[in-house]
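here is my input, please return the structure:
(one chain, ligands or ions: 1)
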Amino acid sequence: MRLSRFELDRWLDAYKHSDRPIQFDLGSSTGVTWTLRELAALDPDRDLIGELETLPQTYVAVVGEPETRRAVAAFHEAAPEHVRITTGASEAIHALLCLLSEPGANVVLPSPCFSTFEGLASGWGFGIRTYVLSPSTGFAHAAESILAAVDGRTRLVVVNTPHNPTGAVAEPVAIQALAAALTSRGVPLLVDEVYHGLYHDAPVPSAARLDGDVIVVGSMSKSLSLSGLRTGWLIDRNRERLDALIDVRTYFSISNSAAGERLAAFALTHAESVIGRTRAAVGRNLALLDALFERHADLLSWVRPRGSTVAFPAFTDGRSARPFCLACAEAGVLVVPGDCFGCPPHFRLGYGGDPDAFVAGLARVDALLAMTRHSA
Ligand SMILES: Cc1ncc(COP(=O)(O)O)c(C=O)c1O
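Numbering: from 1, shown residues only. You can find the predicted model right below:
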């Protein structure tokens with residue numbers, strides 16, 4: 001298996017985990033950070049930290065602990081028996097692609113797309129077919145254009161909503177139509193909902209409720225902003241696939257850590273409070289972005305995101321955003337060049353973090369944009 005360079009995480013890692021970490025992280029895709037103490041404080045009647053002190057540090061169930069699966073099921077309004085816990089959504093995606101891979105098969109992915117899908121699918125030998133999410137249509141997910149990319153060798157269609165890196169949210173009716181059409185063609189639909197619960201307009205129900213051949217992937221990492229727990233999941237009603245996943249996961253990682261699962265289950269039972277903290281930050285930060293993009297409308301265009309913690313603005317003249325991203329990094333601010341997603345004029349801006357740091361970081365971005373204009 002040959003894997004391509006993971007440009008996105010190489011860029012993020014180089015700045016976030018270097019000897020001199022970047023001052024203002026406006027590039028990452030998570031939200032407000034949590035400490036264990038802050039998490040435990042969500043339930044003063046429970047001694048969460050004490051529980052961890054006496055928790056046996058052993059393997060846990062390959063399919064996930066019953067309490068974790070119940071908490072995930074409640075979050076997606078699914079049945080616990082359809083839930084499998086994984087090491088991040090990353091492992092869920094990897095396991096599924098491993099399971100579905102066969103010579104000559106292809107997968108249908110959005111473009112742009114979170115890098116894992118393309119990298120792992122290519123690594124497992126799938127051909128890649130894409131449907132384009134275009135800023136000209138507000139990055140809309142049109143069921144017809146997704147279906148147009150499907151052929152007789154398609155083994156999986158992927159939708160990611162809310163979408164990384166654009167923040168677009170697929171209309172539930174489009175997902176429903178897609179699921180029905182794909183099921184009748186014998187093709188499973190994978191809906192990546194790592195940002196489920198973080199919608200900026202009306203809440204959107206999980207695709208896990210849909211009939212048909214629908215697989216949902218989720219995670220503690222994004223809307224719940226607890227990426228360090230490394231806990232994700234897959235929800236599927238197909239018994240055969242669920243059974244086969246047991247072996248794949250056992251080969252990959254056997255199980256999660258006991259502490260990760262205990263904390264994930266706890267946080268999910270307080271999902272409203274946990275997501276609420278990032279939602280409050282997103283509300284304040286998005287208002288600042290509205291003003292910034294208005295001030296620089298001649299230089300940048302953006303589609304206001306409808307979910308997630310990321311936006312994907314672009315330079316209106318089509319220039320590559322990389323030099324600007326490098327200048328931001330030199331000024332202590334992390335944003336991500338769009339070429340990491342195959343879209344050079346764009347950059348990814350994360351707005352889920354602490355509002356005070358966001359204000360300070362954005363002021364530097366603002367000043368750099370003004371300088372860019374004057375030097376043009
Ligand atoms: C759309 C999407 N799916 C899956 C993942 C993987 O998340 P994790 O493995 O941290 O759960 C990410 C991480 O950035 C993502 O953005």
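
now stretch 240-259, how far from the centre of its chain.
Mean C-alpha position of stretch 240-259 versus that of the full chain (C-alpha atoms, centre = their mean, to the nearest Å) differs by 21 Å.

wait, does it contact the ligand?
No - against the ligand, stretch 240-259 shows no contacts by C-beta under 6 Å from any ligand atom, the least distance being 11.4 Å. Every C-beta, even on glycine, is put in place using the N, C-alpha and C of the backbone.

for the record, mean pLDDT for that stretch?
On average, the pLDDT along stretch 240-259 is 96.

please apply the same query to stretch 67-83.
98.

same check on stretch 348-368?
96.

check the spacing between the residue nearest to F114 when sequence neighbours are not counted and the ligand real quick.
Taking C-beta to C-beta, 6 or more residues apart in numbering as the measure, F114 lies nearest to N164, with 4.7 Å between them; neighbours along the chain are not counted. Here N164 is placed at a distance of 4 Å from the ligand (C-beta to the nearest ligand atom, to the nearest Å).

three-state assignment of N164?
Following DSSP: H, G, I helix; E, B strand; the rest coil, N164 is assigned to coil.

how many residues are close by the residue of the chain found nearest the ligand?
Proximity of the chain to the ligand (C-beta to the nearest ligand atom) peaks at G88, 2.6 Å away. Residues lying near G88 (other C-beta atoms under 10 Å) number 23.

please work out which residues outside the longest helix along the chain touch it.
Ranked by residue count under DSSP state H, the longest helix found in the chain is helix 271-295. By C-beta atoms under 8 Å, 6 or more residues apart in numbering, the residues outside helix 271-295 that reach it are 31-32, 34, 39, 42, 75, 197-198, 200, 223-226, 267, 300-302, 304-305, 309, 311, 313, 349, 351-355, 358-359, 362, 365-366, 369.

from those residues, keep the buried residues only.
31-32, 34, 39, 42, 75, 197-198, 200, 223-226, 267, 300-302, 305, 309, 311, 313, 349, 351-355, 358, 362, 365, 369 (16 or more other C-beta atoms under 10 Å).

so where do the strands sit in the stretch 1-150 of the chain?
Shown for the stretch 1-150 of the chain, the strands assigned by DSSP state E, counting those that start in this stretch span residues 24-25, 83-86, 106-111, 127-132.

ignore the last one, the stretch 151-300 of the chain
154-160, 189-192, 214-219, 232-235, 300-301.

TSV please, covering the ones you listed and showing mean pLDDT.
Below are the strands of the stretch 151-300 of the chain laid out as TSV (pLDDT from 0 to 100):
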stretch	mean pLDDT
strand 154-160	98
strand 189-192	98
strand 214-219	98
strand 232-235	98
strand 300-301	98
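
among the ones you listed, which is nearest G64?
Closest approach to G64 among those is made by strand 232-235 (7.1 Å; C-beta to C-beta).

got a list of contacts for the closest one?
For strand 232-235, using C-beta under 8 Å, 6+ apart, the contacting residues are 64, 69, 72-73, 76, 78, 82-92, 95-96, 194, 208, 215-221, 245.

show me what contacts the residue most central in space within the chain?
Closest residue to the average C-alpha location of the chain: V194 at 4.6 Å, with C-alpha atoms, centre = their mean. By C-beta under 8 Å, 6+ apart, the contact set of V194 is 89, 160, 164, 217-219, 221-223, 232.

and the pLDDT at it?
Confidence for V194, expressed as pLDDT, is 98.

ok, now A376?
Looking at A376, the pLDDT reads 55.

for the ligand, what are the nearby residues on this protein?
Close to the ligand, as judged by C-beta under 6 Å from any ligand atom, the chain has residues 29, 88-90, 114, 116, 160, 164, 192, 194, 219, 221, 227, 232.

alpha carbons of the helix or strand bottoming out on mean pLDDT in the chain, as PDB, please.
Lowest on mean pLDDT, DSSP states H and E among the helices and strands of the chain sits helix 7-16, with a mean of 88. Provided in PDB are the C-alpha atoms of helix 7-16 (Å, rounded to 0.1, in the frame of the first residue of the first chain):
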ATOM      1  CA  GLU A   7       0.000  17.900   2.900                       C
ATOM      2  CA  LEU A   8      -2.700  19.300   5.200                       C
ATOM      3  CA  ASP A   9      -1.500  17.700   8.400                       C
ATOM      4  CA  ARG A  10       2.200  18.300   7.500                       C
ATOM      5  CA  TRP A  11       1.400  22.000   7.200                       C
ATOM      6  CA  LEU A  12      -0.600  22.100  10.500                       C
ATOM      7  CA  ASP A  13       1.900  20.000  12.400                       C
ATOM      8  CA  ALA A  14       4.900  22.000  11.300                       C
ATOM      9  CA  TYR A  15       3.500  25.100  12.900                       C
ATOM     10  CA  LYS A  16       1.500  23.700  15.900                       C
END
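
contacts for that helix?
Contacts for helix 7-16 (C-beta under 8 Å, 6+ apart): 21-22, 25, 27-28, 115, 329, 334, 336-337, 339-341.

make it 7 Å
22, 25, 27-28, 115, 329, 334, 336-337, 340 (C-beta atoms under 7 Å, 6 or more residues apart in numbering).

again with stretch 367-376
296, 299, 324, 327-328, 331.

show me how far stretch 44-63 is from its chain's centre.
The answer for stretch 44-63 is 27 Å, by C-alpha atoms, centre = their mean.

and the closest residue to V336 other than its chain neighbours, how many neighbours?
Sequence neighbours aside, R348 is the residue nearest to V336 in space, at 4.0 Å (criterion: C-beta to C-beta, 6+ apart). Neighbours of R348 under the rule other C-beta under 10 Å: 29.
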